[in-house]
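>>> Dropping a prediction and its sequence here:
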Amino acid sequence: MTVVSVLDLLGVAVFAASGALAAVHAKLDVFGVVVLAAVTAIGGGVVRDVLLGITPPTSLRQWEYLVVPAAVALLVFRWHPAVARLRRAVQLADALGLALFVTTGTSVALAAGAPAVTSALVGVITGIGGGVLRDVLLREIPTVLRREVYAVAAALGALVVVLGDRLALPPVPVALAAAALVAVVRVLALWRHWNVPVAR
Amino acid sequence: MTVVSVLDLLGVAVFAASGALAAVHAKLDVFGVVVLAAVTAIGGGVVRDVLLGITPPTSLRQWEYLVVPAAVALLVFRWHPAVARLRRAVQLADALGLALFVTTGTSVALAAGAPAVTSALVGVITGIGGGVLRDVLLREIPTVLRREVYAVAAALGALVVVLGDRLALPPVPVALAAAALVAVVRVLALWRHWNVPVAR
Amino acid sequence: MTVVSVLDLLGVAVFAASGALAAVHAKLDVFGVVVLAAVTAIGGGVVRDVLLGITPPTSLRQWEYLVVPAAVALLVFRWHPAVARLRRAVQLADALGLALFVTTGTSVALAAGAPAVTSALVGVITGIGGGVLRDVLLREIPTVLRREVYAVAAALGALVVVLGDRLALPPVPVALAAAALVAVVRVLALWRHWNVPVAR
């Protein structure tokens, strides 16, 4: 297993948690929680592979990508914290998932031979894809469109990975630095309530 | 025409009916009813083909996949039963469509050389895809997430097809048995109001 | 740059404007406006390329497809007209985007060697795709399903492009005529409040 695939599977786990927590919050039953966790967890990666012409998508070819979200969903369903604390937990899991998927998405695209712009865009789409599906299925305006520094955090991470590739830096530290950057920017934006202008 | 393609077209017809009935219920005009019927009917198959790298998707290459949903939509639009009976009719058409698409989706994936896990997952996605699109476009929480045994019924059917393939059983009876299993489980869940736990 | 790619980029610009205006109307912040403009602008083209097996999609491979929506979104965000006038402006930009994307979508499919039916369908999907994504993300019933002559206008345009190709007519005038037809039918339907039947 490569570093990228370990980070990818970690992203699957935290996005599964974010999907499962959102599903519990929306009072879905145990099956709905598992399905939403799986969609949130593998949605971004499936879209990434379809965009890159990698078919069938990796997430549909390996047991781990099915078992991990299901296990995480059942754990969350059984031991989720009090409902009052759910919103913050969803946000944290979502920030981590975004960070990991932007990084692995960009790396997978570069490895597939895609040019720099394409790779960065595919990375951003991989990062935001699962969360958008989660929010649309629960009939919420996707996080990426709301008053939160979300797409910018994703774009910064993708940029770091692409630059590291251009400068031939060692990929593992670059990937970790990019993921850390996305997560930190995202969490700071949430905690400090960074605001950006709304049209008059 | 193979047995799989006949079952597939039957799935198109009943999912078209389910989409058209839901559209009539949502008071869409005749064009909206046709569009929603078509999206519900061919959505799952298009997603299946994109995931398997079969492009352009089969449903976009054959007249039947366009004419059948349009004809069904017009029939439903003109002669739909009284509104009070619509909900039950949508559920029944949806159960049949799920049954047929899970079966044909899994079979098409196996025929395309996909491994067993992938084929089962693609079958489930083919089965739930059209209904999810229908519900999202009408701004409803998708059936697959609601308190109803939906994803489990689909997974059971996909499992039967994959097992039949592994055991080299004759595909036609296996496909019919799998479809019958999905439909029966689904309809029983609806009629008996089978419930599964919701998180506290 | 071919005529088709110029028309395609023009479609990107007007759909970006439609997405940005809708986002401003929904009170999204500046990042949300840029993201929704980009999704509306390139969504239809990305779906088109995925359906045709053109991966990575053209819109993700060229800077213009990213810079144009972002620039349009910022212009709209800064100088958008008074809110009262927004609805009409969204409709007009949407009609133009539909017209251009149906035409270029059908042409790209024909150029990729797809049969006539497939090309017409891909053209219609390219035309309606971006607007459907815009509406779903903002939790609105998509325009294509509402009481407005939308899918029919798109189908007429796709038909003209396919017929022109069959009759070996010069592609540029045919493309312009098809786009004009879609836009005129669509705008007339809006202005004259053309209605079609709703089921009793």
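Structure's in. What do you need?
>>> Please count neighbours and contacts with C-alpha atoms only from this point.
Noted.
>>> Let me see the contact set for the closest residue in space to A:F101 that isn't next to it in sequence.
Nearest in space to A:F101, with sequence neighbours left out and distances taken as C-alpha to C-alpha, 6 or more residues apart in numbering or on different chains, is A:G127 at 4.6 Å. Shown in contact with A:G127 (C-alpha atoms under 8 Å, 6 or more residues apart in numbering or on different chains): A:G44, A:G97, A:L98, A:A99, A:L100, A:F101, A:V102, A:G105, A:A154.
>>> give me the number of residues near A:W194?
The tally of other residues near A:W194 (other C-alpha atoms under 10 Å in any protein chain shown) stands at 12.
>>> how near is A:E140 to C:V35?
16 Å (C-alpha to C-alpha, to the nearest Å).
>>> Tell me which helix or strand comes right after whatever helix or strand A:G123 lives in.
Using DSSP states H and E, A:G123 maps to helix A:116-137. Next in sequence after helix A:116-137, counting helices and strands by DSSP H and E, comes helix A:151-166.
>>> Which residues of chain A lie near chain B?
A:24, A:27-33, A:35-36, A:50, A:53-57, A:60-63, A:77-78, A:136-139 (C-alpha under 8 Å from any C-alpha of the partner chain).
>>> Can you select the buried ones from the residues you listed in ChimeraX?
Here is the ChimeraX command that picks out the buried ones among these, judged by 16 or more other C-alpha atoms under 10 Å in any protein chain shown:
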select /A:24,27,28,29,30,31,32,33,35,36,50,53,54,55,56,57,60,61,77,136,137,138,139
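>>> Show me the residues of chain A next to chain B that map onto helices.
A:V24, A:V30, A:F31, A:G32, A:V33, A:V35, A:L36, A:V50, A:F77, A:R78, A:V136, A:L137 (DSSP state H).
>>> Quick check: the farthest pair among those?
A:V50 and A:R78 (33.7 Å; C-alpha to C-alpha).
>>> sorry, back to before: next one: the helix holding A:G123 to chain centre, how far?
8 Å (C-alpha atoms, centre = their mean, to the nearest Å).
>>> got the angle between that helix and helix B:116-137?
With axes from the mean of the first three to the mean of the last three C-alpha atoms, to 10 degrees applied, the angle from helix A:116-137 to helix B:116-137 works out at 70 degrees.
>>> Show me which helix runs longest in chain A.
Chain A, longest helix under DSSP H: helix A:86-111.
>>> low-scoring pLDDT stretches of chain A, where are they?
Scanning chain A for pLDDT under 70 picks out A:1, A:81-86, A:195-200.
>>> Around chain C, which positions in chain A sit nearby?
A:50-53, A:114-115, A:117-118, A:121-122, A:136, A:139-142, A:144-147, A:149, A:151-152, A:196-199.
>>> just the buried members of those residues?
A:50-53, A:114-115, A:117-118, A:121-122, A:136, A:139, A:142, A:144-147, A:149, A:151-152, A:198-199.
>>> circling back to that earlier point, need the contacts of A:G127 in TSV (columns: neighbour count).
Formatted as TSV, the contacts of A:G127 follow (neighbours: other C-alpha atoms under 10 Å in any protein chain shown):
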residue	neighbour count
A:G44	29
A:G97	33
A:L98	33
A:A99	33
A:L100	33
A:F101	35
A:V102	36
A:G105	28
A:A154	33
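>>> out of those, which one sits closest to chain B?
A:G44 (13.4 Å; C-alpha to the nearest C-alpha).
>>> Surely the closest one and A:V122 touch.
No - assessed by C-alpha atoms under 8 Å, A:G44 is found out of contact with A:V122, at 9.6 Å.
>>> hang on, the earlier thing: next, the angle from the helix holding A:G123 to helix A:151-166.
Using the same axes, to 10 degrees: helix A:116-137 against helix A:151-166 is 150 degrees.
>>> Could you export helix A:116-137 as CSV, CA atoms only?
What follows is helix A:116-137, C-alpha atoms only, in CSV (Å, rounded to 0.1, in the frame of the first residue of the first chain):
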residue,chain,number,x,y,z
ALA,A,116,-1.1,20.6,-13.5
VAL,A,117,-4.3,22.7,-13.9
THR,A,118,-6.4,19.6,-14.4
SER,A,119,-4.8,17.8,-11.4
ALA,A,120,-5.5,20.8,-9.1
LEU,A,121,-9.1,21.0,-10.3
VAL,A,122,-9.6,17.2,-9.9
GLY,A,123,-8.1,17.4,-6.4
VAL,A,124,-10.6,20.2,-5.4
ILE,A,125,-13.5,18.3,-6.9
THR,A,126,-12.4,15.1,-5.1
GLY,A,127,-12.3,17.0,-1.9
ILE,A,128,-15.6,18.7,-2.1
GLY,A,129,-17.5,15.9,-3.9
GLY,A,130,-18.4,13.7,-1.0
GLY,A,131,-19.6,16.5,1.1
VAL,A,132,-21.7,18.0,-1.7
LEU,A,133,-23.4,14.7,-2.2
ARG,A,134,-24.0,14.3,1.5
ASP,A,135,-25.6,17.8,1.7
VAL,A,136,-27.7,17.5,-1.4
LEU,A,137,-29.1,14.1,-0.3
